[in-house]
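Visitor: Quick one, what's the 3D model for this:
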Amino acid sequence: MNNNTTPLLHVQNLNVHFRLHDDTVHAVRGVSFELNKGETLALVGESGSGKSVTAMSITRLHPPHITQYGKDSRIEFDGISILDADEKKLRQLRGDRIGLIFQEPMTSLNPYMRIGAQLSEAINAHYPETSAADNHDRCKSLLERVGISEAERRLKQYPHEFSGGQRQRIAIARAVILEPKFILLDEPTSALDRSIQVKVVELLRDLQQKYRLSYVFISHDLSVVRAMSDDVLVMKQGEVVERGSAEQIFNAPQTEYAQRLMRAAFDL
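Guide: Reported below is the predicted structural model:
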């Protein structure tokens, strides 16, 4: 990473515990990293490695009644302490300055609302002074930008009237409609066919360049990680076991665990 810039996201000594019945699960142990503007950091590892727990902690999406963060843990986004922020501040950040894109867009898209209403919802919530005409024009323009043709007509349709790849494009449009600085992507392409994956990755890279977006990217698909990422954290059992540039991790992994991941992914 470029150390001459101030990081947009700074995570230091992140420890996450979950209280489950009479047991406490230590899900993440001492994770630290930084993310600069316009860069992509990937979190990789086997299921249960802690990558999703780490990523979801950035926006405090874990259920608060069972989640405990370490006393020395710090998460700072654009100068804001996430772990000290109240729920009102977190709601303001989510959607406005932090976007979220998940594996299955039907979990984030309301099946009973027209696409246009779902895209305009964020604008209405964060910028209620925006006129209906300007709101509509922005939604239409963004739908076209993510590759949905006949945008005027399709704004009136429901999620089930779109293919899986189109729904993911709509979810991406929804995440970037307020031009956030940072987007958390949790397996955004794993439910898609390979040809559609390539197009979605191209779209994400195009949007990143246009808006200078920063991404934290979680994926089991290391070929997608390789195409998307500047830097990579390799996680195992809640800890970071290797970190480096994407080029270094994919071409010359240092740990046996990372080497095994590469062999499994690329049939080496």
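Visitor: and Leu83, how many neighbours?
Guide: Using other CB atoms under 10 Å, Leu83 has 13 neighbouring residues. Heads up, the C-betas are built off the backbone N, CA and C, glycines and all.
Visitor: Please apply the same query to Asp22.
Guide: Counted with other CB under 10 Å, Asp22 comes out at 5.
Visitor: roughly how far apart are it and Phe102?
Guide: Counting by CB to CB, to the nearest Å, the gap from Asp22 to Phe102 is 31 Å.
Visitor: Tell me how far the closest residue to Leu43 other than its chain neighbours lies from Val216.
Guide: Distances taken as CB to CB, 6 or more residues apart in numbering put Lys51 closest to Leu43, at 3.8 Å, once the chain neighbours are dropped. Remark: distance between Lys51 and Val216 (CB to CB) = 10 Å.
Visitor: between the two, what contacts are shared?
Guide: By the contact definition CB atoms under 8 Å, 6 or more residues apart in numbering, Lys51 and Val216 are jointly contacted by Leu43.
Visitor: The two - which one has more neighbours?
Guide: The neighbour count for Lys51 versus Val216, taken as other CB under 10 Å, is higher for Lys51 (28 against 25).
Visitor: And that one, its phi and psi?
Guide: phi -70, psi -40 (degrees, to the nearest 10).
Visitor: I'd assumed Val44 was in contact with the residue nearest to Leu43.
Guide: Yes - checked against CB atoms under 8 Å, the pair Lys51 and Val44 is within contact range at 6.7 Å.
Visitor: Find the residues that touch each one of the two.
Guide: 218, 233, 235.
Visitor: Which strands or helices does whichever strand or helix holds the second one pack on?
Guide: Right, Leu233. Per DSSP states H and E, Leu233 falls inside strand 231-236. Judged by 3 or more CB pairs under 8 Å, 6 or more residues apart in numbering; DSSP states H and E, strand 231-236 is in contact with strand 23-35, strand 40-44, helix 51-57, strand 239-245, helix 246-251, helix 256-266.
Visitor: how close does the residue positioned nearest the centre of the chain get to Leu213?
Guide: Nearest to the geometric centre of the chain sits Leu184, at 1.5 Å (CA atoms, centre = their mean). Noted for Leu184: a distance of 11 Å to Leu213, by CB to CB.
Visitor: just Pro63 next, same as before
Guide: Counting by CB to CB, the gap from Pro63 to Leu213 is 28 Å.
Visitor: What is the three-state secondary structure of the closest residue to Asp193 other than its chain neighbours?
Guide: Distance criterion CB to CB, 6+ apart; nearest residue to Asp193, sequence neighbours excluded, is Gly165 at 7.5 Å. Assigned by DSSP: H, G, I helix; E, B strand; the rest coil, the conformation of Gly165 is helix.
Visitor: ok, the residue nearest to Gln259 when sequence neighbours are not counted - contacts?
Guide: Nearest residue to Gln259 in three dimensions, chain neighbours excluded: Pro253, at 4.8 Å (CB to CB, 6+ apart). Contact analysis of Pro253 by CB under 8 Å, 6+ apart lists 234, 242, 259, 261-262.
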